[in-house]
Structures are given as C-alpha cells and as structure tokens.
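J.: coords please:
(2 chains)
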Amino acid sequence: MTEKLLTIDGLTKAYPGVVANDKVSFGIDAGEVHALLGENGAGKSTLVKMIYGLVRPDAGNMTLMGNAFSPPEPRVARAAGVAMVFQHFSLFEALTVAENITLGMENPPKHRELSARITKVSHDYGLPLDPERLVGELSAGERQRVEIIRCLLQDPKLLIMDEPTSVLTPQEVEVLFHTLRQLSSEGTAILYISHKLDEIRDICDSATVLRHGVVVDTCNPREKSARELAEMMVGSALHEPLRDAQAFGDVVLELKGLSVPSATQFGTSLKSVNMTVRAGEILGIGGVAGNGQDELLAAMSGETPSADTTVTFDGNGIGTLGPNERRALGILAAPEERLGHAAAPDMSLTENALLTAAFRENLVKNGFVDWASTRTFAKRVIKEFDVRTPGTRTAARALSGGNLQKFVIGREVLQTPRVLVVNQPTWGVDASAAAQIRQSLMDLAASGAAVVVISQDLDELMEVSDNFCALNEGHLTRPHPAKGLTVEEIGLMLGGMEEQEAANA
Amino acid sequence: MDLSAINPVLLVASLMIAATPILLAAIGELVVERAGVLNLGVEGMMIIGAICGFAIAVETGSPLVGFVGAAFAGAALSLLFAFLTQIMLANQVASGLALTLFGLGLSALIGQGYAGQKPPPTPRLDLPVLSDMPVLGQVLFSHDPMVYFAIAMIAATWAVLKYSRVGLILRAVGENHDAAHALGYKVVRIRILAIMFGGACAGLGGAYLSLIRVPQWTEGMTAGAGWIALAIVVFASWKPWRVMLGAYLFGGVTVLQFNLQAAGVSIPVQYLSMAPYVITILVLVIMSSSKSRAALNAPAALGRIFHATH
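T.: Got it, this is the predicted structure:
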C-alpha cells in the first residue's frame, strides 16, 4: 500500500482551559485495524469527532484517499465514506430499527427495500436484527448492532468504533471481531477505541497512544504486553488491584426464591433467584445487559420491595423495607445509570453526597441539613477517590463519566457499608480509574463487608470476585468459584446452558 | 324550553366552523411539540393572527390576502419565541407565557381603529349538485374554504409525520436531540422552522375567528382558544387525527351549549359555558389514560433546551 487511506497531520483543538488535541498526527491504511488508546480525557473523543465532522479543528490537515478532507458536518464525512459507532448510543428509542437506520443514511432506499437490506446485511455479518422492532425494546447488545448495521449499509471506507465491546458477552465479542476481520479483509479501515488492552492486542494491527492530547507513541500492539500498553497510556507504572485471600464470615445478605415481576414494559422479571453473600466475600454476577441486572439491584437496595422473607439480612427478613431503612442497616447500592439514578445530574456534588449519605453520616440534624459536614464528607470522597473536579459545588452532570463513577462508588464505600451492591462499577471508565475502583471494592471486602458486583465486563468479574454467578433472563445460576473458570464455561453460564448441562451430567 | 328549535343539520354544520380555529392552532402546535419544543404562546400568536388578518382584509378588501397576512404575522411573532428559546436558550415555558401576554397587548394596540368594522365576506363553497343535496350538502359541501384547508392540514401533517423522511427527522429531533445532532441534523434550524409553522397555523386560526366565525374584531376575542388547542395536543397523545377529534368535540359542545342557552334550558349559563372545556378535557384524558403506552407517545425531548456541545 503506497498511499494511506487517512492521514492526520498536526490536528489541534483547544477548548477554554484545556488543549484537547495538540498537533496529533498519524495515518491509517486501507484494511488496517488501528487502535486509538488513551485514558478518559486524553482527547480520543475529540479526535474522532474531528474526523467525523462534529468538531472543527483549530489547526492541522486531514487527507482522505489523497484528497484534502475537512468535513464541516457529519453528512460530508459520511458521504466521503467515514462512519462511526458511538460510545453512548445515538439511537431514538421511540422509533423502529429501520427508522433509526434510515436517519443515519444519506440516500435511504424505500422502506421495504431497506428492511430487506437490513435483514440481509445483518445476517451476512452474523448480527441478526428485526427491522420493525422499536429500539426501546432492544438490549444494549442489540442496540449496538443497530449502530453497526447503520454504518455497514453505507459501505464505509473507514469505520470508527468507540468502546464497542463494553456491553457484549465473550461470544458476542467473538462475533463482532469476526465481523470486523471480515470488513478489514474487504478493505475497510477501522479506527478502534477501547480500554480493553487484550482486545486491542487481539484485533488491531497498529496503535496510536494519546496522553493529555499528545501522541506519545505509535506501536504494534501485538509486540507489546497489555501492561506495557497501559503504562504508555498512563505514563507511569500501573497499579494492579491486589488482595490477600482470606476466610469469609457469616452469610450477611441472602435472597431466597425471589421473584419480582418487571416494573416496566422493557424490563426483565426476576424468576426465583437464590443468592447468598458472606462477610468478606465478593460475589460477581455476570450477564448481558437486560437480563435482570437493574431489577436485581433494585430488589437488594430496597427500590423494589418484595415479600418479607425473600430478602434476609443477618437472618432477619427485610424484603418490605425501603432504601433508606436498608441504608440504616448498612445495605448500600450504586446503580448502573450514573446520571439520573446514582446521581442527580443538575445537583452539586455536595447535594449528591447528601442524597444517600444523609442517614449513615448523620448529615441531617432535626430535619435541617448540616451543610458543613455534608461538604466535608463530599470533600473526603473527592480526595480519597481522586475525583477530578473543580470543587464540591460542581454539578454532577459536568463531571466526566469516569470521575462521576469514582464519586458514586466512593460515596457508598466511605459510608462503611455492611453490604455494597454495585452495577457496572467501571462502565466507560479508563484503565487506571477502573483499577482504583476495583481496588476500593476489594479493600472494602477485606475489611469485612459483603460486596456484590454486577457487571458485563467479565475480565473485571474474574479479577475481583471470589464467586461467580450468571444472570440469564431473570434466572441466576449457582455460584462457582471464580478461580479456574474458563471463558467457555462462563459463556455457557451466561447463555443459560448450565442448568441443562447439570441435568445431563 | 324548546329543544325542537335545535336543528341537528345546522348544529353539525356550525360545529365544523366552531372547531376550525382550534384545529388550525392545534395542528401547528402538534408539529412544534413533535420537534421537541413546547410553545405556550399559541394564544398570543392566534390573537395577533386575528387582528393582522382582520386589518389586512379590511384594508385590501380580500379575505384571502388577510389569511396570508395572518399566517405571516403568526410566524413572525413565533420567530421571537424561536430566537429566545433556540438561539438565546431561554426557558420555553416562561418565553411562551410572555409571548401570549405580549401578543394580547400588541393586538389590542393594532386593533384600536378596527373595533366595530365589518370584514369583507369570505365566499362559501357552492358546488352544483353536491352543495344542493339535502343534509349532506349543508353539512359537508357548503363551508368556506378554510374548513377544508384545516382538514387537509390534519391529513397532510399525519401523512408527512408518518411516511416522509422530513417527518421522520422531525420526530427524531423531538425524540433525542443529542443523537440527531450527532447524526448531523440541524436541530436548531429544524426546530425554528417547526416553530414558524406552528406560528403560521395559529395565525390562520386566529384570522378564522375574526374574519369568518365572529366576524368582527374585539379585544381578547380568542378567549382561551389557544389554551384549549394546547390541551388538545397533549390529550390527543400528539396524534393528528385525535387532535381533529378533540377539536370537533370542543366545537360541537360549544355550539350545542349555545343552542341550549337559546332554547332556554334551565341550567345556569355559567355551567353551559364551561361545558366545552370540561367535556373536551375529560374525554381526551380518558382516551389517553386507557393506553398504557400513552406516555411513550410524548416526544422525549419535549421542552428540553438543546445546547450543541462542541
């Protein structure tokens, strides 16, 4: 290949107070899978937004297939053959799959023809989809398929993928990688952004590492270890989560035959879930999004009340207690949705700290808020969990995802819970922040608390958990010791195959 | 009391006329809300349309020119709202309320010289054979062109929203403006156009009041019709045909209660006058509550301010 498909030369973009990209240069060949690595806030998003025409660079040039390329808007970028799968899905829930796909196309064909093409392309690439379904009814993995198919229908020359695997099972990741390899062999270049270094080493031909908006290195990821890559991103030695093996205490929280009908039309009902977690234990719960994770967390946190004896704490039935009563007992939770569920977006960090910590930290006296001690508590969370924010007055919405996640987890951990339930604790969080969050969960367990980690990131679950269960369509499997589980065994558990296997054995 | 004095044919014929102003204003507001903008200034845009249409028709002698002028006047006033909410990112509820108050005041100022005058008459449809049919001719084929225009607008809006790409983009913008922006659609431009369409429709609705329904100019003559149009849009679950149903229901009860008043029914007049409002809202509330998915029909970005982040 003599000519690069896309060349980026000296791209610079500054926002007030921060230079997001500083003279970034690299090139991508046709058919190449090129990784873009960097911590949260390293400038990856800004860079791809410039390539996709959402952001205009302050300086620098891009060349696409030999022609100067400076898309003023995504339309132009798409017409030139650049397609993008977004990290935060850019989908419309009240519209159908076909309508969503039409909206992303320049010259959409007639509805019937489009439906046929969606069905065909989705089968060709092993990503089956029904074009007539409402996107609101789809799981996160299926929603991602919609985005990918939307891109594929335009025969892109360059496909940008921002964190594509965070919501997929290992099997689905395999399918996706198969799709990507197929595309790459057909000559499509792929710009791949991910925090998962093993994946990058698996699929990418080359990698550009960004740190604070500057290209620090370009390398072949297959020649580097995951650790070396991570250290390039962070710029210092990576701290890996550590914990000592220890004996567990008594059972703290137990679910017995818990069945909860789904509250919403798009939810999943829990079906006779049994689960125990002991003091000092970390129980990992895996599963693809939409298999009852939110419902399980809500049943434990008290958001969804259930029959008295189906949830027991220290042997006492607490099923009918609400979240604040459970918090008083020491059962805390950090739900998945950071903005709107775990934190109120437009309220300050101080106010958000008050929302869950009011009782355990005695922040309310005689019905009046003790703002001084609330602020002190918020500052403590910010300091101990290295939340990067101008101060406690900042609105939760203004924090980056990773920083807000650190705040949300820190807020619960610092209340010294007896049981902590977290859902997707490191979703969209960069490697070093994720390591920090995992370490805090392990430290919490080491100090004698019971921790339930619900996550779709299996590497994370294998790293932190003592025992592992899988959630599949509202059923929870029996726990298995996490050490020694193979990827295939996990995949079978996630797919709901375990029960059948047990029956055959 | 003499109920036999109420002529059912005349009743149906006049309910269509009574419903038309609200129908026009409501279909405009439906489009605005589907684009994710809540414009509470319908009343103000209607009354500006009423006086501008009236004044222009009187000065030119042509009701058609009056209607066109009213549409432009409504759209011009809505541009003020568009500027405040889409460019200056002001709060939509406050801006909409201000627009109504401003419109009421401005219309009184413009209308000072026009009270008591007669507008040029608008010709009615007169089709040979069809218009002469008994009953049907009077109910369906003897109205002024605006009645049919309003119904055509409902049909056109429905078809555009359901089948066309423009309609799909409009719904997408109202559903999730950030995603629409990420796909490269001009959220602000689309919304400004929708707001202007809403303003033009409200202006037409107002002009219908002053040129055909009443027909004369009095201060504050819209008398809450804009608010009813707003309520109808919400309770009709943002669906064009249901908007028409709501507007005709309102028009029907309005005409019926006039007739009952004239017939001397022994119900206090105040109750009869409030009946159209109460009954319309009750019926539409019941209709929209029976569907569990009604909330899903609401445009998800309704009333939210869009700020393009880089």
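J.: List the buried residues in the helix or strand hosting residue A:198.
T.: Using DSSP states H and E, residue A:198 falls within helix A:197-203. Within helix A:197-203, the residues that count as buried by 16 or more other C-beta atoms under 10 Å in any protein chain shown are A:197, A:199-201, A:203. Quick note: C-beta positions are derived from backbone N, CA and C, even for glycine.
J.: And for stretch A:146-165?
T.: A:146-154, A:156-165.
J.: List the strands paired with the helix or strand where residue A:8 lies, with their directions.
T.: Here residue A:8, judged by DSSP H and E, is contained in strand A:6-15. Within its sheet, strand A:6-15 is paired with strand A:18-28 (antiparallel), strand A:59-64 (antiparallel), according to DSSP bridges.
J.: Pick out the residue of chain A closest to chain B.
T.: residue A:74 (3.3 Å; C-beta to the nearest C-beta).
J.: My read is that that residue contacts residue A:50, right?
T.: No - when contacts are counted by C-beta atoms under 8 Å, residue A:74 is not listed as touching residue A:50 (11.3 Å).
J.: For these two, indicate the residue with more neighbours.
T.: Taking other C-beta atoms under 10 Å in any protein chain shown, residue A:74 and residue A:50 do not tie; residue A:50 has more neighbours (25 against 21).
J.: So for that one, what pLDDT did the model give?
T.: Looking at residue A:50, its pLDDT reads 91.
J.: Repeat that for residue A:1.
T.: For residue A:1, pLDDT reads 45.
J.: In contact with the nearest residue to residue A:53 once chain neighbours are set aside, which residues are there?
T.: Distances taken as C-beta to C-beta, 6 or more residues apart in numbering or on different chains put residue A:71 closest to residue A:53, at 3.2 Å, once the chain neighbours are dropped. Residues near residue A:71 by C-beta atoms under 8 Å, 6 or more residues apart in numbering or on different chains: A:51-53, A:77, A:80, A:82.
J.: Tabulate those residues in TSV, adding columns for neighbour count and secondary structure.
T.: TSV is the format used below for the contacts of residue A:71 (neighbours: other C-beta atoms under 10 Å in any protein chain shown; DSSP: H, G, I helix; E, B strand; the rest coil):
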residue	neighbour count	secondary structure
A:51	23	helix
A:52	23	coil
A:53	22	coil
A:77	25	helix
A:80	17	coil
A:82	27	strand
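J.: of all the residues you listed, which comes closest to residue B:14?
T.: Nearest to residue B:14, judged by C-beta to C-beta, of the contacts of residue A:71 is residue A:53 at 55.9 Å.
J.: Surely that closest one touches residue A:80?
T.: No - in this structure, residue A:53 is not within contact of residue A:80 by C-beta under 8 Å, at 9.0 Å.
J.: Quick check: which element contains the spatially most central residue of chain A?
T.: Taking C-alpha atoms, centre = their mean, the centroid of chain A lies closest to residue A:427, which sits 2.6 Å from it. If you go by DSSP H and E, residue A:427 is not part of any helix or strand.
J.: Surely it is in contact with residue A:334?
T.: No - assessed by C-beta under 8 Å, residue A:427 is found out of contact with residue A:334, at 11.2 Å.
J.: where does residue 143 land on pLDDT?
T.: Picking chain A for this. Confidence score, pLDDT, at residue A:143: 83.
J.: that's the other chain; I wanted chain B
T.: 87.
J.: Name all residues that make contact with it.
T.: Contacts of residue B:143 by C-beta under 8 Å, 6+ apart are B:13, B:16-17, B:124-125.
J.: and the nearest residue to residue A:335 once chain neighbours are set aside, how many neighbours?
T.: The shortest distance from residue A:335 to any non-neighbouring residue, by C-beta to C-beta, 6+ apart, is to residue A:341 (4.5 Å). Using other C-beta under 10 Å, residue A:341 is surrounded by 16 other residues.
J.: next one: residue A:137
T.: 14.
J.: same deal with residue B:133?
T.: Neighbour tally, residue B:133, other C-beta under 10 Å: 14.
J.: how near is it to chain A?
T.: 40 Å (C-beta to the nearest C-beta, to the nearest Å).
J.: what residues does the stretch 101-250 of chain B put near chain A?
T.: Contact residues (C-beta under 8 Å from any C-beta of the partner chain) of the stretch 101-250 of chain B with chain A: B:165, B:168-169, B:171-172, B:175-176, B:178-180, B:182-185.
J.: same thing but at 6 Å, please
T.: The interface of the stretch 101-250 of chain B toward chain A, taken as C-beta under 6 Å from any C-beta of the partner chain, is made up of B:168, B:172, B:175-176, B:179, B:182-184.
J.: Any chance of a markdown table for those, columns neighbour count?
T.: Output for these, formatted as a markdown table (neighbours: other C-beta atoms under 10 Å in any protein chain shown):
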| residue | neighbour count |
| --- | --- |
| B:168 | 20 |
| B:172 | 28 |
| B:175 | 25 |
| B:176 | 24 |
| B:179 | 23 |
| B:182 | 20 |
| B:183 | 24 |
| B:184 | 20 |
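J.: Secondary structure and pLDDT added to those, as JSON lines?
T.: Shown next, in JSON lines, are those (DSSP: H, G, I helix; E, B strand; the rest coil; pLDDT from 0 to 100):
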{"residue": "B:168", "secondary structure": "helix", "pLDDT": "94"}
{"residue": "B:172", "secondary structure": "helix", "pLDDT": "94"}
{"residue": "B:175", "secondary structure": "helix", "pLDDT": "91"}
{"residue": "B:176", "secondary structure": "coil", "pLDDT": "90"}
{"residue": "B:179", "secondary structure": "helix", "pLDDT": "88"}
{"residue": "B:182", "secondary structure": "helix", "pLDDT": "82"}
{"residue": "B:183", "secondary structure": "coil", "pLDDT": "83"}
{"residue": "B:184", "secondary structure": "coil", "pLDDT": "83"}
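J.: check which helix or strand covers residue B:76.
T.: Counting by DSSP H and E, residue B:76 is part of helix B:63-82.
J.: same question, residue A:468
T.: strand A:467-472.
J.: the bottom helix or strand of chain A by mean pLDDT?
T.: helix A:498-504 (a mean of 47; mean pLDDT, DSSP states H and E).
J.: rewinding a little: distance-wise, check the residue nearest to residue A:335 relative to residue B:91.
T.: Distance, residue A:341 to residue B:91, using C-beta to C-beta, to the nearest Å: 25 Å.
J.: now swap in residue A:185 and tell me
T.: Distance from residue A:185 to residue B:91, by C-beta to C-beta: 53 Å.
J.: Looking at these two, which is more packed in?
T.: Comparing residue A:185 with residue B:91 by other C-beta under 10 Å, the one with more neighbours is residue B:91, at 14 against 9.
J.: Let me know the pLDDT of that one.
T.: What the model reports for residue B:91 is a pLDDT of 93.
J.: Let me see the contact set for it.
T.: Contacts for residue B:91 (C-beta atoms under 6 Å, 6 or more residues apart in numbering or on different chains) come out as none.
J.: Can you give the domain ranges for chain A?
T.: A:6-234, A:251-338+A:417-504 (automatic domain parsing).
J.: between these, which one is nearest to residue B:250?
T.: domain A:6-234 (27.7 Å).
J.: Next, residue B:304: phi, psi?
T.: phi -90, psi 140 (degrees, to the nearest 10).
J.: Could you count how many residues lie near residue A:371?
T.: Neighbours of residue A:371 using other C-beta under 10 Å come to 12.
J.: I misspoke; the intended subject was residue A:206.
T.: So residue A:206, with other C-beta under 10 Å, has 17 neighbours.
J.: does it really touch residue A:34, like I thought?
T.: Yes - because the distance of 5.4 Å satisfies C-beta atoms under 6 Å, residue A:206 is recorded as touching residue A:34.
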